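Visitor: Predicted model and sequence follow; I will ask about them next.
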Amino acid sequence: MANSHSSIVIAAGLSGVVSAINNGLAITPPMGWNNWNAFGCDVSENLLLSTSQQILSLGLRDLGYNYVVLDDCWQDPRGRDQNGKLQPEASKFPSGLKSISDHLHRQGFKYGMYSSAGEMTCARFAEGSLDHEVDDANSFAEWGVDMLKYDSCYHMGRVGTPTASFNRFKAMSDALKSTGRNILLNLCNWGEDLVHTWGMSISNSWRITGDIYDSFTRPDDLCGCNTLSPGDVNCVAPGTHCSVLFILNKVAPFADRSIPGGWSDLDMLEVGQGGMTDEEYKAHFALWAALKSPLFLGNDLRSVSASALTILNNPAIIALSQDPHGRSVTRVQRDVVGVPKDNWGVGETHVWSGYLHNGDQVVILLNAGDEDMQMSVSLAEIFVAFGPGGSAPHVKSDWALHDLWAHRMSDATAEALLAAKTEGERSRLLKKANWYNATEIPYAQGLANDDPRLFGEKVGVVEAGGVMKVDVKRHAAKVLRLRRVKKEGESFKAKGIAREERHERDEL
Ligand SMILES: *[C@@H]1O[C@H](CO)[C@@H](O)[C@H](O)[C@H]1NC(C)=O
């Protein structure tokens, strides 16, 4: 079943006609920057434009971060104008929103904005878009908006069944469509009303939990289900303090729902915000990439550190997110060390595994426990999606292990880049470092060409039928790309891969 499902999806993915929303957008997970995690309501024209300049000159736009998104709090607190139209607060956006979007478009960015499917926005600005969908969609289109983050606060009680929530969000989906402008819809109802079963039909991504906060594992009452029922996938109590580990546990049972055109949204990144260690941020980023979450930078890029920059600009990790196969890793192993199994969020280890377009397999070993440890996982577990109990033909091959963090940019290069005074100097530094440029070479092409910048460093081999043993530090993840070692004269007849290749050819 897994095989036939994924082959259908990949066939559709290549033709560009995919999810039921079918607007041709988000064929790979969308990437960009959103101001909320770092700035909350402190938004302005200057913030957006100084940030977009920084994204551009640090080379991040050309790694794929191309949406610049203005979150809540942009409205005039007096509400709509006399014609009933939404209006920005003039003191924050003196040139007007259209001028901002024109500026971003000239820089090669796309422009995102925010509203709520309720009577107010989440930060209680006067006007949500509930029952104003057509007017507001037209305003967004007039302002040159390319993406709408659509929240769910103050929903007037129109919630509690999948139908109630579906209809409330579908009104905006339809309104955006009828503007004639291609606007990506990022639905944000925190996993309520089984959104993972219908979000795909009307949106390009759907949030599955309350808001992330800058902690790797710390349970917090403000992420409701932490205390109500942490292990219950049906527990939805939207909150604002959900840890990385909480979100991973929440998405695990339906990690397979993301397909090209529609993605489970694990929320914006916290990398660079200061609350986690370097290893924690690396794990957070790699898992978000491999789980195909939209990848929205959430930090202040004007004061980004070398360590945060060199996490966020690692093309070998981003290539997992932008892989043409377009399917998430799934969890093939979960263990709890030294604590009762229902004690979520303490001492956990996970192994996540997923198929990639070129036949490689990505494997992420996460140690969320408090001690360094050796983790082990067998090829039979890694390839369980192709047949349980070691029946997958893949298990009979040797696999080379590539560490995808091995070629992380050096601190010295990053520090020089951050200290550079001119655009020209930055551009020279990036060239000298031979840094990846996805505008020049899209990830699909770089992967097809075996571009070494996307494949890390070979660190070992696991033999046919074998077990991988990997040392993983506490609160860290090892991120490995497994590449099949071809034997002399052998032709590989793994069912899953062969079938997918056939479908790709059909489509091409
Ligand atoms: C990436 O390549 C594009 C297209 O050649 C170019 O315009 C852009 O300046 C490059 N970006 C960087 C950071 O060098």
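Guide: Looks like it came in fine. Numbering: from 1, shown residues only.

Visitor: can you pull out the helices in the stretch 251-400 of the chain?
Guide: With DSSP state H, counting those that start in this stretch as the criterion, the stretch 251-400 of the chain has helices at 278-290, 306-312, 315-321, 379-382.

Visitor: Need the contact partners of the second one.
Guide: What that stands for is helix 306-312. With Cβ atoms under 8 Å, 6 or more residues apart in numbering as the test, helix 306-312 has contacts from 58, 60, 269, 271-272, 278, 281-282, 285, 297, 299, 304, 408-411, 414-415, 417-418. Every residue, glycine included, has its C-beta placed from N, CA and C.

Visitor: Please compute how far that helix lies from its chain's middle.
Guide: Relative to its chain's centre, helix 306-312 lies at 17 Å (Cα atoms, centre = their mean, to the nearest Å).

Visitor: and stretch 197-215, how far apart are its ends?
Guide: Chord length of stretch 197-215, first to last residue, is 28 Å (Cα to Cα, to the nearest Å).

Visitor: Run the chain-centre distance for that stretch.
Guide: Taking Cα atoms, centre = their mean, one finds the center of stretch 197-215 at 10 Å from the center of the full chain.

Visitor: Buried residues in that stretch, which are they?
Guide: Residues 198-200, 202-215 are the ones in stretch 197-215 that count as buried (16 or more other Cβ atoms under 10 Å).

Visitor: Can you give me the domain assignment for this protein?
Guide: The chain breaks down by automatic domain parsing into domains covering 8-321, 330-407+456-507.

Visitor: lowest-confidence stretch among the ones you listed?
Guide: Across the domains of the chain, domain 330-407+456-507 has the smallest mean pLDDT, namely a mean of 85.

Visitor: next one: that one to chain centre, how far?
Guide: 20 Å.

Visitor: And the residue of the stretch 201-350 of the chain that's closest to the ligand?
Guide: N313 (10.3 Å; Cβ to the nearest ligand atom).

Visitor: before we move on, back to that, just the buried ones among the contacts of helix 306-312, please.
Guide: With neighbours counted by 16+ other Cβ under 10 Å, the contacts of helix 306-312 contain buried members at 58, 60, 269, 271-272, 281-282, 285, 297, 299, 304, 408-409, 414, 417-418.

Visitor: picking that back up, okay, now the residue of the stretch 201-350 of the chain closest to the ligand: neighbour count?
Guide: N313 has 24 neighbours, counted by other Cβ atoms under 10 Å.

Visitor: Could you do G128 as well?
Guide: For G128, the tally of surrounding residues (other Cβ under 10 Å) stands at 26.

Visitor: For it, list the residues it contacts.
Guide: Contacts of G128 (Cβ under 8 Å, 6+ apart): S115, S116, A117, G118, E119, M120, T121, C153, Y154.

Visitor: Spatially nearest residue to the last one (excluding sequence neighbours)?
Guide: Leaving aside its sequence neighbours, Y154 sits nearest to G118 (Cβ to Cβ, 6 or more residues apart in numbering; 3.5 Å).

Visitor: pretty sure that neighbour is touching C153, no?
Guide: Yes: counting by Cβ atoms under 8 Å, G118 sits close enough to C153 to count as a contact (5.0 Å).

Visitor: Compare those two and say which one has the larger neighbour count.
Guide: With neighbours defined as other Cβ under 10 Å, G118 and C153 compare such that G118 has more, 22 against 19.

Visitor: ok, so what distance separates that one from the ligand?
Guide: Using Cβ to the nearest ligand atom, to the nearest Å, G118 is found at 40 Å from the ligand.

Visitor: got it, and K170?
Guide: 38 Å.

Visitor: That residue: neighbour count?
Guide: 17.

Visitor: and what of S303?
Guide: 11.

Visitor: same thing with the one 3 residues further on?
Guide: As a burial measure, A306 scores 18 neighbours (other Cβ under 10 Å).

Visitor: nearest residue to it other than its sequence neighbours?
Guide: The shortest distance from A306 to any non-neighbouring residue, by Cβ to Cβ, 6+ apart, is to A414 (3.7 Å).

Visitor: Also K469?
Guide: Per Cβ to Cβ, 6+ apart, closest to K469 is S376, 4.6 Å.

Visitor: Surely that neighbour touches V462?
Guide: No: S376 is beyond contact range of V462, at 10.4 Å (criterion: Cβ under 8 Å).

Visitor: The residue nearest to K469 - how many residues pack around it?
Guide: S376: 13 neighbours (other Cβ under 10 Å).

Visitor: so what's it up against?
Guide: With Cβ under 8 Å, 6+ apart, S376 has these contacts: V467, M468, K469, V470.

Visitor: try it again with 10 Å
Guide: S376 makes contact with Q333, V351, L365, V467, M468, K469, V470, according to Cβ atoms under 10 Å, 6 or more residues apart in numbering.

Visitor: Kindly report the same for L417.
Guide: Counted by Cβ under 10 Å, 6+ apart, L417 has contacts 57-59, 306, 309-310, 313, 409, 425-427, 429-430, 433, 435.

Visitor: Nearest to P162, out of these: which one, please.
Guide: Checking the contacts of L417 against P162 with Cβ to Cβ, the nearest one is N313 at 39.4 Å.

Visitor: Tell me the spacing between that closest one and K250.
Guide: The span separating N313 from K250 equals 28 Å under the rule Cβ to Cβ, to the nearest Å.
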